[in-house]
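>>> Need a 3D model of the following:
(chains A and B)
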Amino acid sequence: DTGVSQDPRHKITKRGQNVTFRCDPISEHNRLYWYRQTLGQGPEFLTYFQNEAQLEKSRLLSDRFSAERPKGSFSTLEIQRTEQGDSAMYLCASSLDQGVDYGYTFGSGTRLTVV
Amino acid sequence: DAKTTQPPSMDCAEGRAANLPCNHSTISGNEYVYWYRQIHSQGPQYIIHGLKNNETNEMASLIITEDRKSSTLILPHATLRDTAVYYCIVRTGGFKTIFGAGTRLFVKA
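Numbering: from 1, shown residues only, chains lettered A, B, ... in the order given. Modelled structure (predicted):
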């Protein structure tokens, strides 16, 4: 068990460019979550998947954001036409849902800077 | 999900117990209390959770009042590496986790 992996760790992009982040969850975990965190704030929920199905999306997830989890394994989060307000840490987490889950395992995050 | 109230910051001397309070007066019967912590520049880390009984693991103890309206996370012998933001969350099992601002714990030598 190597934990939750996120790639890249850091991304600097120019405003208007598209970016894509990848998350590899713990292999036996059926749930995968994306969060966004800005400085001094707690993580904000964006979306989550159970297996390959995207079950919920936050209103924070504008039309420029899209997430996928093909085959219920890794997930990608794409941001199109990035804006300076998208600068944040993007966190991925996974969990095993058995009615009551035993907490999430988070990755180390991808820090996005839009210049 | 029920809201929680935590102090914004706390200090603790190294080697002493750190007691982090959390109020969740609107908790419902099927909601669990979860605690996570986040060390600078890392993702949050799950610590412990409970429903109504006190719980202990290798990291911490969770004390939940009998009426379940509040709880305390106890780090029995705080070290400098326990300096972090601690989040108290209440939610129904299987639902998404909503984080608040948490308590910033400073462990001082």
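>>> Report the central residue of chain A.
Chain A has A:Trp34 as the residue nearest its centroid, 3.1 Å off, counting by Cα atoms, centre = their mean.
>>> Tell me how far the helix or strand bottoming out on mean pLDDT in chain A lies from the chain's centre.
In chain A, the helix or strand scored least confidently by mean pLDDT, DSSP states H and E is strand A:53-57, which has a mean of 91. With Cα atoms, centre = their mean, to the nearest Å as the basis, strand A:53-57 stands 12 Å off its chain's centre.
>>> thought A:Val4 was touching A:Arg31?
No: judged on Cβ atoms under 8 Å, A:Val4 makes no contact with A:Arg31 at a distance of 11.6 Å. Every residue, glycine included, has its C-beta placed from N, CA and C.
>>> show me where the chain has strands.
With no chain named, the answer covers chain A. Listed in chain order, the strands of chain A (DSSP state E) span residues A:5-7, A:10-13, A:19-24, A:31-37, A:44-50, A:53-57, A:65-68, A:75-79, A:88-95, A:105-106, A:110-114.
>>> that answer is for a different chain, and I need it for chain B
Using DSSP E, the strands of chain B run over residues B:9-13, B:18-23, B:31-38, B:45-50, B:55-56, B:61-64, B:70-75, B:84-92, B:103-108.
>>> so what secondary structure elements neighbour the first one?
Judged by 3 or more Cβ pairs under 8 Å, 6 or more residues apart in numbering or on different chains; DSSP states H and E, the packing partners of strand B:9-13 are strand B:18-23, strand B:103-108.
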